[in-house]
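Engineer: quick one, fold the following:
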Amino acid sequence: MPRHKFATAITCIDGRVQQPVADWMKLHANCEYVDLITEPGPDKVLSEESTYVVDEIMRKVTFSVRNHASPVVALCGHHDCAANGADREEHIEQILEGVRVLLSYKLGVRVLGLWLNEWGSVELVWDSQERETASVGL
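Structural biologist: Residues are numbered from 1 along each chain as shown. Now for the predicted structure:
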């Protein structure tokens, strides 16, 4: 897989989240830099009906994809989120719904759903590339 210059991550504004997510993205998305789009509780925001905030997030995602040629966009929820007090299972559902929203914009990029657990480790909960590969084999 070729090394990309940029990838994009939609994360919470919580300072505990950004470094682990950026490090994970650099390794697993094979990129040098990560454009961070921050919003309190982004998994909850993207999973709910369309709002001005979703439009603003998508404006920034589109900018990153178009201007930095980012081939990967990740949505990350995290443990102990002040803006989203849901339990892990509900966060995962919100991440998956947020991924569906991202996919609906048809950006032509790989879309990831990530969960940052209570130990500060990133867990992959969705990868559109794996889903496409799996459906080709059916």
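Engineer: so, low pLDDT: which residues of this protein?
Structural biologist: For the chain, applying pLDDT under 70 flags the ranges 1, 132-138.
Engineer: residue nearest the centroid of it?
Structural biologist: The residue lying closest to the centre of the chain (Cα atoms, centre = their mean) is Leu75, at 1.6 Å.
Engineer: ok but that residue is inside a helix, no?
Structural biologist: No: Leu75 is assigned strand when assessed by DSSP: H, G, I helix; E, B strand; the rest coil, not a helix.
Engineer: you'd agree it is up against Arg100?
Structural biologist: No: Leu75 lies out of contact with Arg100 (Cβ atoms under 8 Å); the separation is 10.2 Å. (C-beta placed from N, C-alpha, C; glycine too.)
Engineer: tell me which element Glu123 falls in.
Structural biologist: strand 122-127 (DSSP states H and E).
Engineer: er, Asp23 I mean
Structural biologist: Using DSSP H and E, Asp23 sits in helix 15-28.
Engineer: packing partners of that helix?
Structural biologist: strand 4-11, strand 31-38, strand 72-78, strand 110-116, strand 122-127 (3 or more Cβ pairs under 8 Å, 6 or more residues apart in numbering; DSSP states H and E).
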